[in-house]
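Got a sequence here, can you model it:
(chains A and B)
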Amino acid sequence: MNDFAHLLDRLAYEPRRNAKLRMLQDFFSRTPDPERGYALGAMTGTLNFREAKPALIRGLVEERIDPVLFRLSHNYVGDLAETTALIWPSTPLPPPSAGDGGPRRRAGEGQRDDAGHEARRDSSGTVVPLSRPGLSSPAEGGGNAHAGLGHNNPPPPSLAEVVETLSTIPKRELPRHLAEWLDALDETGRWALLKLVTGNLRVGVSARLAKTAVGALGGHEADAVEEVWHGLTPPFETLFAWVEGRAERPETLNPAPFRPPMLSHPIEEEADLEKLEAGAFSAEWKWDGIRVQLVGGRDRAGVQVAKVYSRTGEDITGAFPDLAEAITFTGTLDGELLILRERRVQSFNVLQQRLNRKAVTGKLLEEFPAHVRAYDLLTLDGDDLRAEPFEARRAQLEALVTRLDHARIDISPVVPFADWEALTAARADPASVGAGEDADAIEGVMLKRRNSPYLPGRPKGPWWKWKREPHIVDAVMMYAQRGHGKRSSFYSDYTFGVWRQAPEGGDELVPVGKAYHGFTDAELAKLDRYVRNNTTKRFGPVREVTHGHEAGLVLEIAFEGVQRSTRHKSGVAMRFPRVSRIRWDKPSAEADRIDVLERILARGEREIASGATLTETDA
Amino acid sequence: MPTRASDLLTLTREGLYCPLGGFHVDPTWPVERALITHGHADHARAGHGHVLATPETLRIMAVRYGEDFCRQRQEARLGEALRVGDVTVRYAPAGHVLGSAQIAIERDGVRVVVSGDYKRAPDPTCLPFEVVPCDVFITEATFGLPVFTHPDTRDEVRKLMASVALFPERAHIVGAYALGKAQRVMALLREEGWDRPIHLHGAMEKLTELYKREGIPLGDTPKVVAADRKDLHGAIVICPPSAMQDLWSRKFPDPVTCFASGWMRVRARARQKGVELPLVISDHSDWPDLCRTIRDTGAGEVWVTHGQEDALVHWCGTQGIKAKPLHLLGYGDDGEAEPAPADAAEPEVAA
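Got it, this is the predicted structure:
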């Protein structure tokens, strides 16, 4: 597992997607089964085993390390797994009777010759680490330089051994195995093992990226991997055999598999529309919810299986039992997850309160009833409809939704329009063309070519999204931070603020968000120079830049909405903020006040505090 | 009255001072007579009256500060006993950087050793550390916590070369301190068979040339020409840490930011500096070697100058060795880190 650990270590530092992909491909192509399959399992969160508690790890360390030194070290490093990995003695505990002895060395580490010559140690294990003072013996920890003679360290465990052992052993045996593995692994290996067994393996790689890398082994797209993914389990040997051309495509046994969704491209300018022919497209509202796929099927015993998947293929059925109940059909339905109250679509703010909850309580289900607004049908009763034109699929979808007649599933209505001008008007004012009270939950329109098949991924041409105009606020740059990867030498992440009344009187700037895109490379170079020339303080990688009534740079920020936030000093957080213009010309004193955001927030909150009346002014 | 350790060495505003010899060791202020352990800027400053140091250290100081860095200089040959005032001093190699030495101060059979910065790991660019038995050992503690066990430098250099193999189109920019670390990285690369040029930032040039004149083979080390930066695909470039995030580094093709330092052992440190490929290569002793060295000297008393004093003093206590922290100020930046802003959390420490 050392090899896997070194991959994780490198991935954790690498910001670039393509570089991560290259590392993953390199690893998958040179690592044998089942090791690489368990690695894939670890990165996609599909491994299942008993996790270890931090207290168990702390206990193991304290048997080996002077508690004072461990405490000083933990304070310095900060992270328990990392401290443990670094401080763990590289050789097993010697018998307690061992006496004190000559010069000490660590196993496997050459370069410790007194004369300073290269002298990689053989595997004699004659080495006792100095990092175990305070044990029973009088010296550093009771090791004789010769005490370990004849003791051979066991070879480091493979990831496969770790995963297979963890999933079978009883709880009481966990500490013993863990200690043995820690003895045998190198520092990076110990770090990865501890992160893995405590369930904290965050490596900066999405499941999608890992699947992309696997697919690339045989020239397959990630979507092709997604198609077969849900029938497979670690160590995924049939998957690797298939992508490497050694076996047939694995048949999925899952009666309700995920199918990669079709995505759209944005229409940036109205001018883009002129290149498109209005008559060839059908339009729908773009709903401000989350994309889901509802899949129903029957297993071999004839029992109905119902699945709810996110757009990335994550199985979220457990979080939406109310939706799963509605999946009484055999087929694959594509749509938007929304919260409806009294048939009215609630804003994304409301939906957020249903998302990411660990416990799905009856109260939650009642207060935040989930619905799906369906807009496409991929399969029905065993037939794959994806090759059929959109209009034909739409007809079948309408028939299905009518037949289901379920309160949780309705259909995304078609927005009629004669020409682009009419659609432009509809987009600007959805209420005027039948969106009624749902208008606030609409974030634009979708255009779908009438004759287009359902193509997984993001093909250019058949589907377009045309968002409503974003909200705009003029804010003042307050702090800047260096970016990552190509931008690591540029101050490219900006924290900005707006004016508010200070508690002690007068006005002050309060940070309301952070933006790191929306500008060109040339603009970035100018912004970077501005930051360097106007720094007032430094905090590690962060610089404070001049901001006040007299001086400061105004950034026009575009954003999609505002939410309450307890994490921000201002109490509000923006959705998708980005720099839309740099207002070199505008005096900082003329930037906006927080009231602008409060008003947008109030509008979104009407639904939450139902019945409360709030004055509203459109920002 | 028998000589006591405190007659041989005491602490003054300028740093360590030997009253019987009338000299300072590595003073942080200009003094009349200074004994210098090695050429890093925090230990070797310009402006002293008389300087005693190894010939290499004197030459390093001349390169850094100009030939007139002091009024009068005197070479200390390793192993040679010299009379200074009422004491005898002797220089012994410290294994830290080229010319680095420990200084033993002795009278009436009582010996104090000021080790300066030192390491036990092999280094192709300087002489290995020599154990000097003594009564009082004065040690640094830059990496004085048991979480610091430096890995084999060969594996670190191989990591760098493997990354170049995986990303042959990207330049690998390695931050390394200009005196010692940079040349050690070059020498290690040569040992591992890297025979292509190693490109240098201009700030590395003079000291690297000095190392070559001292007989250390470093191969072809061209200075980076500004206009050529964009063409250095797959090149290894060494620069001072301050240049890593500077405008200078931007013009290389999709650079991989590497940093050769003992601090790279701690992930948060590496991340905070925006490093993408940390290389744990240190010119200081790691924890096991600090402990081993203290025991090897047989010293009954240890004074800890700079770094993580608390842990090392605690450890000495568990070993029945008397120890105290000196809280010496002004050491630890090797003079090459970014100027630390007044409100920065921690000063940069070259390691």
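
quick one: low-confidence parts of the chain?
Picked chain A for this. Applying pLDDT under 70 to chain A picks out residues A:91-153, A:252, A:269-270, A:356, A:485-486, A:488, A:603-619.

meant chain B actually
Where chain B drops to pLDDT under 70, the residues are B:1, B:329-351.

Now do the residue in it that chain A sits nearest to: how many residues are near it, please.
Among residues of chain B, the one nearest chain A by Cβ to the nearest Cβ turns out to be B:Pro128. It sits 2.4 Å away. Glycine gets a C-beta too; all of them are placed from N, C-alpha and C. For B:Pro128, the tally of surrounding residues (other Cβ atoms under 10 Å in any protein chain shown) stands at 17.

Helix, strand, or coil at it?
Secondary structure for B:Pro128, judged by DSSP: H, G, I helix; E, B strand; the rest coil, is coil.

sec struct for A:Gln481, please.
strand.

so who does the closest residue to it other than its chain neighbours touch?
What sits nearest to A:Gln481 in space, not counting adjacent residues and going by Cβ to Cβ, 6 or more residues apart in numbering or on different chains, is A:Asp493, at 4.3 Å. Shown in contact with A:Asp493 (Cβ atoms under 8 Å, 6 or more residues apart in numbering or on different chains): A:480-483, A:514-516.

run the last query once more with 6 Å
When contacts are counted by Cβ atoms under 6 Å, 6 or more residues apart in numbering or on different chains, A:Asp493 touches A:481, A:483, A:516.

Same check on B:Leu210?
Neighbouring residues of B:Leu210 by Cβ under 6 Å, 6+ apart: B:Val63.

That one falls within a helix, correct?
Yes - counting by three-state DSSP, B:Leu210 is part of a helix.

what comes up buried for the top helix by length along chain B?
Secondary structure of chain B per DSSP state H: the longest helix is helix B:153-166. Under the neighbour-count criterion of 16 or more other Cβ atoms under 10 Å in any protein chain shown, helix B:153-166 has B:153-154, B:156-157, B:159-160, B:163-164 buried.

cool, and stretch A:359-367?
Within stretch A:359-367, the residues scored as buried using 16+ other Cβ under 10 Å are A:Leu364.

ok now it, how far from the chain's centre?
Chain-centre distance of stretch A:359-367: 25 Å, with Cα atoms, centre = their mean, to the nearest Å.

quick one: the residue of chain B closest to chain A from B:Ala92, how far?
Relative to B:Ala92, B:Pro128 is positioned 11 Å away (Cβ to Cβ, to the nearest Å).

got it, and A:Arg208?
For A:Arg208, the distance to B:Ala92 (Cβ to Cβ) stands at 59 Å.

How many residues are close by the nearest residue to A:Pro235 once chain neighbours are set aside?
Nearest residue to A:Pro235, sequence neighbours excluded (Cβ to Cβ, 6+ apart): A:Gly37, at 2.7 Å. Number of residues near A:Gly37 (other Cβ under 10 Å) recorded here: 26.

and A:Gly37, that one's in a helix?
Yes - applying three-state DSSP, one finds A:Gly37 inside a helix.

where does the nearest residue to A:Asn451 once chain neighbours are set aside fall, phi/psi-wise?
Of all residues not flanking A:Asn451 in the chain, A:Pro389 sits nearest, at 4.5 Å (Cβ to Cβ, 6+ apart). Backbone torsions of A:Pro389, given as degrees, to the nearest 10, read phi -70, psi 150.

Shouldn't A:Ser580 be within a helix?
No - A:Ser580 is assigned strand when assessed by three-state DSSP, not a helix.

Please look at it and A:Val554 and confirm they touch.
No - A:Ser580 lies out of contact with A:Val554 (Cβ atoms under 6 Å); the separation is 11.8 Å.

Counting neighbours, go ahead and name the busier of those two.
More neighbours surround A:Val554 than the other of A:Ser580 and A:Val554, with 22 against 17 (other Cβ under 10 Å).

quick one: the more buried one from A:Glu244, how far?
A:Val554 sits 56 Å away from A:Glu244, taking Cβ to Cβ as the criterion.

again, but for A:Gln396
Going from A:Gln396 to A:Glu244 by Cβ to Cβ gives 38 Å.

neighbour count winner among these two?
Regarding A:Gln396 and A:Glu244, a neighbour count based on other Cβ under 10 Å identifies A:Gln396 as having more, with 16 against 13.

excluding its backbone neighbours, what's nearest that one?
A:Leu377 (5.4 Å).

which helices and strands sit right next to the helix or strand containing the one you found?
Per DSSP states H and E, A:Leu377 falls inside strand A:370-380. With contacts defined as 3 or more Cβ pairs under 6 Å, 6 or more residues apart in numbering or on different chains; DSSP states H and E, strand A:370-380 has these neighbours: strand A:331-341, helix A:390-404, strand A:409-411.

let's see it at 7 Å
Packing contacts for strand A:370-380, counted by 3 or more Cβ pairs under 7 Å, 6 or more residues apart in numbering or on different chains; DSSP states H and E, involve helix A:321-324, strand A:331-341, helix A:390-404, strand A:409-411.

and the stretch 1-150 of chain B, which residues reach chain A?
In this structure, the stretch 1-150 of chain B approaches chain A at residues B:95, B:120-122, B:128-129, B:145-147, B:149, judged by Cβ under 7 Å from any Cβ of the partner chain.
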